[in-house]
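Undergrad: Structure for the following, please:
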Amino acid sequence: MVEHAAVNRRVVGSSPTRGAIKTSSKKQLEVFYFMEHWVYILHSERADKYYIGESGNIEQRLEFHNITGTGFTARYRPWRVVFKYECASRKTAIELEKKIKNWKSKKMIKLLIEGIIKL
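TA: Modelled structure (predicted):
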């Protein structure tokens, strides 16, 4: 049996022939920083309701809300994306999502979707 010295190190992946490959956390943070993140608004025509969320993958989230989701979005299916806004980071997306939710106004959300209000 051959022991690899990298077994107890923090690793990203390993190969049975080469052992573990170590990457720096700075490089991992750089990759994370450039990942796109979105604030999105879904609309249910059936119930005339809006849902505001944030995600790194809007298509996957839409599928979740329309098929596998539970709670608020499950009650008003089907949903469609009516607005999306790309953010520089997940933190920014979460802050923007909270800002829009705090409006608590269907009129303001409609103005945002129509492009009359800018973020």
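
Undergrad: CA only for contacts and neighbour counts going forward, please
TA: OK.

Undergrad: could you show me where the strands are in this protein, in order?
TA: Secondary structure of the chain (DSSP state E): strands at 13-15, 19-21, 37-44, 49-55, 80-87.

Undergrad: roughly how far out does the last one sit from the chain middle?
TA: Right, the one you point to is strand 80-87. On the basis of Cα atoms, centre = their mean, to the nearest Å, strand 80-87 is displaced by 11 Å from the centre of the chain it belongs to.

Undergrad: what does stretch 93-102 give?
TA: On Cα atoms, centre = their mean, the centre of stretch 93-102 falls 13 Å from that of its chain.

Undergrad: hang on, the earlier thing: can you list the strands of the chain in CSV and add mean pLDDT, mean neighbour count and distance to Glu114?
TA: Shown next, in CSV, are the strands of the chain (pLDDT from 0 to 100; neighbours: other Cα atoms under 10 Å; distance: least, Cα to Cα, whole Å):
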stretch, mean pLDDT, mean neighbour count, distance to Glu114
strand 13-15, 41, 10, 46
strand 19-21, 45, 15, 49
strand 37-44, 97, 22, 12
strand 49-55, 97, 18, 14
strand 80-87, 97, 16, 9
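
Undergrad: out of those strands, nearest to Lys118?
TA: Across the strands of the chain, Lys118 has its closest neighbour in strand 80-87 (10.4 Å, Cα to Cα).

Undergrad: Need the residues that contact the closest one.
TA: When contacts are defined by Cα atoms under 8 Å, 6 or more residues apart in numbering, strand 80-87 is touched by residues 36-44, 62, 93, 113.

Undergrad: Sweet, I'm off.
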